[in-house]
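Peer 1: Got a predicted model here, sequence first, then my questions.
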Amino acid sequence: MSIIVAVEGWSPADWIEGLKAVAPDRAVLTPGDDVDLAAVDYALVWKPRPGYLASLPNLKVIFSLGAGVDHLTSDPDLPDLPVVRIVDPDLTGRMTEWVLLQVLMHHRQQRAYDAFQARKTWKSLRQWSSADVRVGIMGLGVLGIDAARALSGLGFPVAGWSRSPKTEPGIDCYSGEAGLGPFLARTDILVVLLPLTEDTRGILDASLVDRLAKDGPLGGPVIVNGGRGGLQVEDDIVAALKDGRLRAASLDVFVTEPLPAESPLWDAPNLTITPHVAAESDPLALSRYVARQIAAFERGEPLQNLVDRSRGY
Ligand code: NDP
Ligand code: OXD
């Protein structure tokens, strides 16, 4: 029973160590090892080389090392096997921290105070209440709902938008194409926690910016994207920041990562950039999660947090 850890863009060492600690009876390998491909039962992957998973003839389950699975669904040769994604309270809590940090930074005008401090200027700005700032969350899944509850707890009027209709106490829930317009029209700060699918690619474009509320206290709408870079049309975001249709934005994710030095985003006004760190996974906690799921699977129990391949998330 072998487990292969195939990750691109970061070192697999922490994962290998984590898995060996929680599943000492398994061989834990990486594609660089002298691997008997036919002996691999499970794969833990992040951005695996397209076609690699199809080369493992006896693979049983694919575990995504992220909550998002666009790094897998983009593989045209992805085998027709169960794909399990990460759902973990530690990761969820980290994303909610990042969302709160960004929303509060815009709400409390922290960027302006940073600029005053750099000029040794003691100056106060008029401050409105959280009850005056309408936050809208695109994607009311595991991460979106947790952030929505936390923001609502701070007094922000919160709405959410999802594919299927939802009800959640204290949150105004909108869904589908018909719900998008009214959801955007009542939103001052738009938090984006959508997966990247064929339906959501490029959704954050100039026309969406123009549909956001313009009468809020911040002086214009704000976008906070912790979902995926492919959701945003980056030239549209830069243009809207430059001409003031967007008051500000916070982006953790980008079409190309690492963000290239020549990207105009680096110099866009009122833009806060973090390098895809909103919610990093804890390898030991998540190794336990994977080991638990493998043990359950081998007892004949159902896998949890399976990706719906037809929806793409
Ligand atoms: P979930 O699958 O739990 O939630 C996805 C939400 O998006 C659901 O509410 C779903 O609607 C909604 N949705 C999907 N497609 C559409 C659509 N076409 N129109 C409207 N709503 C849609 O995912 P998570 O909350 O766990 O994660 C969300 C994303 O966050 C991940 O896919 C990943 O890209 C990103 N992420 C980023 C991280 C980072 O560090 N920056 C870390 C972790 C995740 P419905 O409820 O109806 O299905
Ligand atoms: C994820 C991520 O999808 O870290 O978990 O982006």
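Peer 2: That came through fine. Ligands and ions are numbered 1, 2, ... in the order given.

Peer 1: State the pLDDT value of residue 66.
Peer 2: Looking at residue 66, its pLDDT reads 94.

Peer 1: Tell me where the stretch 1-150 of the chain has helices.
Peer 2: Assigned by DSSP state H, counting those that start in this stretch, the stretch 1-150 of the chain shows helices spanning 13-22, 70-73, 89-107, 110-118, 142-153.

Peer 1: Among these, show the one with the smallest mean pLDDT.
Peer 2: Taking the mean pLDDT of those, helix 13-22 comes last: a mean of 92.

Peer 1: residues contacting the spatially closest residue to residue 10 that is not a sequence neighbour?
Peer 2: Spatially, and ignoring its direct neighbours in sequence, residue 10 is nearest to residue 46 (7.4 Å; Cβ to Cβ, 6 or more residues apart in numbering). Bear in mind the C-beta positions are built from the backbone N, C-alpha and C, glycine included. Counting by Cβ atoms under 8 Å, 6 or more residues apart in numbering, residue 46 touches 6-10, 64-66, 71.

Peer 1: returning to that earlier point: which of the helices of the stretch 1-150 of the chain sits closest to residue 296?
Peer 2: Residue 296 sits nearest to helix 13-22 of all the helices of the stretch 1-150 of the chain, at 13.9 Å, using Cβ to Cβ.

Peer 1: Let me have the helices of the stretch 1-150 of the chain in TSV, extended by mean neighbour count and distance to ligand 1.
Peer 2: TSV is the format used below for these (neighbours: other Cβ atoms under 10 Å; distance: least, Cβ to the nearest ligand atom, whole Å):
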stretch	mean neighbour count	distance to ligand 1
helix 13-22	18	16
helix 70-73	21	7
helix 89-107	19	6
helix 110-118	12	21
helix 142-153	21	3
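
Peer 1: Quick one: closest of those helices to ligand 2.
Peer 2: Closest to ligand 2 of those is helix 89-107 (Cβ to the nearest ligand atom; 6.4 Å).

Peer 1: Flag every residue of the stretch 151-300 of the chain that's near ligand 2.
Peer 2: Within the stretch 151-300 of the chain, the residues that sit near ligand 2 (Cβ under 6 Å from any ligand atom) are residue 279.

Peer 1: Give me every residue in the stretch 151-300 of the chain lying close to ligand 1.
Peer 2: So the stretch 151-300 of the chain meets ligand 1 at 161-164, 193-197, 199-200, 226-228, 252-253, 276, 278-279 (Cβ under 6 Å from any ligand atom).

Peer 1: For ChimeraX, write the selection for the buried entries among those residues.
Peer 2: Filtering those down to the buried ones (16 or more other Cβ atoms under 10 Å) takes a single ChimeraX command:
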select :161,162,163,193,194,195,196,197,200,226,227,228,252,253,276,278,279
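
Peer 1: Now stretch 298-307: buried residues?
Peer 2: 305, 307.

Peer 1: ok now that stretch, how far from the chain's centre?
Peer 2: The chain centre lies 23 Å from the centre of stretch 298-307; the measure is Cα atoms, centre = their mean, to the nearest Å.

Peer 1: ditto for stretch 254-270
Peer 2: With Cα atoms, centre = their mean, you get 18 Å for stretch 254-270.

Peer 1: Quick check: phi and psi on the closest residue in space to residue 237 that isn't next to it in sequence?
Peer 2: Excluding its sequence neighbours, the residue lying closest to residue 237 (Cβ to Cβ, 6+ apart) is residue 249, at 6.1 Å. As for residue 249, its main-chain torsions (degrees, to the nearest 10) stand at phi -150, psi 160.

Peer 1: With the one 10 residues further on instead?
Peer 2: Backbone geometry at residue 259, expressed as degrees, to the nearest 10, gives phi -60, psi 120.

Peer 1: now it: how far from ligand 1?
Peer 2: In this view, residue 259 and ligand 1 are 13 Å apart by Cβ to the nearest ligand atom, to the nearest Å.

Peer 1: check contacts around that residue.
Peer 2: By Cβ under 8 Å, 6+ apart, the contact list for residue 259 reads 265-266, 273, 275.

Peer 1: possible to save these as TSV with distance to residue 52, secondary structure and pLDDT?
Peer 2: Converted to TSV, the contacts of residue 259 look like this (distance: Cβ to Cβ, whole Å; DSSP: H, G, I helix; E, B strand; the rest coil; pLDDT from 0 to 100):
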residue	distance to residue 52	secondary structure	pLDDT
265	31	helix	98
266	33	helix	98
273	31	strand	98
275	26	coil	98
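
Peer 1: any idea how far ligand 1 is from the residue lying closest to residue 54 once chain neighbours are set aside?
Peer 2: Once flanking residues are discounted, residue 54 sits nearest to residue 77: 4.2 Å by Cβ to Cβ, 6+ apart. To ligand 1, residue 77 is 21 Å away according to Cβ to the nearest ligand atom.

Peer 1: circling back: turn the helices of the stretch 1-150 of the chain into CSV, including distance to residue 243.
Peer 2: Formatted as CSV, these follow (distance: least, Cβ to Cβ, whole Å):
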stretch, distance to residue 243
helix 13-22, 44
helix 70-73, 30
helix 89-107, 18
helix 110-118, 18
helix 142-153, 28
